[in-house]
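Colleague: From the sequence below, what's the structure:
(2 chains)
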Amino acid sequence: DAKTTQPNSMESNEEEPVHLPCNHSTISGTDYIHWYRQLPSQGPEYVIHGLTSNVNNRMASLAIAEDRKSSTLILHRATLRDAAVYYCILFGNYGQNFVFGPGTRLSVLP
Amino acid sequence: GAGVSQTPSNKVTEKGKYVELRCDPISGHTALYWYRQSLGQGPEFLIYFQGTGAADDSGLPNDRFFAVRPEGSVSTLKIQRTERGDSAVYLCASRGGSYNEQFFGPGTRLTVL
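Modeller: Reported below is the predicted structural model:
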C-alpha cells in the first residue's frame, strides 16, 4: 500500500487559515488523494479528494503538487469545530480499503 | 437520511467471552468495511464486503475474528475468546456506487476486562 507522511500535530488560531501538509512520494498514477478527519469520539468523516487538479468544496481546498508527491489540505478559516485528527489517504483501486496513518492532530486556539 | 449506525455503542466483556458487534450501513450501499482503532492511532482495516461476500479479509488479525453480511445489508463482526488486546473502538463504514467516499459509523467501544 502506498504510504503517506504527515506531521503529528499542528496548531492554529481561530479564524486563521490552516495548511495541513501530506507527503506521498510513492504515489502511483491511479491513486486518488483523500482527506478525512475525525472529531473526538466520532468516526472519520470525508473532507475532500482529488487526483491531479486542485479541488475546492464547502469544507476545504486541496492543493496537489504538480508531481503529485505531496498535497496540502487548506482550511480557509479555522473554527473551534475544526479541531480534529486529519488523515491523508491514498486510494488506488475501486473497492480497496483505506490505509490510515496516525494523521495530524489539529488544535485550534480561540 | 440515516447514516451508518452501530450497536452497541459500548460493550464491556470478560476475557474469554464471545461478542457480536452490529453495523447497519446506509440503505443501498453495497460496500461495507470494518476497521479497528486503538487509542492514539488511525483506524486499521479488518475486512471489506461487496454485497454478501467478503472481498478482502486480509486485515482480520486471527481466526478468532469473523464477520458476516448474509443479506448484503447489516453486518455482524464476531469475536470469539476475547482477549484484553482486543479492546478498541470498532468502526464500520459503507460506500455506495462508484464514488469512493466512505461513510463511517460512530463505532463500538469494546473493553475486555
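
Colleague: Can you give me the buried ones in the helix or strand of chain B with the lowest mean pLDDT?
Modeller: Across the helices and strands of chain B, mean confidence by mean pLDDT, DSSP states H and E is lowest for strand B:53-56: a mean of 91. Buried residues in strand B:53-56, counted by 16 or more other Cβ atoms under 10 Å in any protein chain shown: B:Ala54, B:Asp56. (Glycine included, C-beta is placed from N, CA and C.)

Colleague: Excluding residues flanking it in the chain, which one is nearest the residue sitting nearest the centre point of chain B?
Modeller: For chain B, the residue sitting closest to the mean C-alpha position, by Cα atoms, centre = their mean, is B:Trp34 at 3.5 Å. Take B:Trp34 and drop its neighbours on the chain: the residue closest to it by Cβ to Cβ, 6 or more residues apart in numbering or on different chains is B:Leu46, 4.3 Å away.

Colleague: Where does the one you found fall, secondary structure wise?
Modeller: For B:Leu46, the host element (DSSP states H and E) is strand B:44-50.

Colleague: cool, and A:Trp35?
Modeller: strand A:32-38.

Colleague: Show the subsequent helix or strand relative to that strand.
Modeller: strand A:45-50.

Colleague: by contact count, what packs against that following strand?
Modeller: strand A:32-38, strand A:61-64, strand A:70-75 (3 or more Cβ pairs under 8 Å, 6 or more residues apart in numbering or on different chains; DSSP states H and E).

Colleague: how about 6 Å then?
Modeller: Using 3 or more Cβ pairs under 6 Å, 6 or more residues apart in numbering or on different chains; DSSP states H and E, the elements in contact with strand A:45-50 are strand A:32-38, strand A:61-64.

Colleague: Parallel or antiparallel, which strands does that strand pair with?
Modeller: With DSSP bridges as the criterion, the sheet partners recorded for strand A:45-50 are strand A:32-38 (antiparallel).

Colleague: gap between the partner strand and the chain center?
Modeller: 5 Å (Cα atoms, centre = their mean, to the nearest Å).

Colleague: before we move on, what about stretch A:65-77?
Modeller: 8 Å.

Colleague: hmm, who's touching it?
Modeller: Stretch A:65-77 has contacts (Cβ atoms under 6 Å, 6 or more residues apart in numbering or on different chains) with A:15, A:17-23, A:25, A:27, A:33, A:35, A:60-64, A:82.

Colleague: try stretch B:4-11
Modeller: B:19, B:22-26, B:92, B:94, B:103, B:105, B:108-110.

Colleague: Which members of the residues you listed are positioned in strands?
Modeller: The members of those that map onto strands under DSSP state E are B:Val19, B:Arg22, B:Cys23, B:Asp24, B:Cys92, B:Ser94, B:Phe103, B:Thr108, B:Arg109, B:Leu110.

Colleague: Can you classify B:Gly72 by secondary structure?
Modeller: Look at B:Gly72: counting by DSSP: H, G, I helix; E, B strand; the rest coil, its state is coil.

Colleague: and the gap between it and chain A?
Modeller: Distance, B:Gly72 to chain A, using Cβ to the nearest Cβ, to the nearest Å: 15 Å.

Colleague: what does B:Ala2 give?
Modeller: Using Cβ to the nearest Cβ, one gets 14 Å for the distance from B:Ala2 to chain A.

Colleague: which parts of chain B sit against chain A?
Modeller: Within chain B, the positions near chain A by Cβ under 6 Å from any Cβ of the partner chain are B:Gly42, B:Pro43, B:Phe45, B:Tyr48, B:Leu91, B:Asn100, B:Glu101, B:Phe104, B:Gly105, B:Pro106, B:Gly107.
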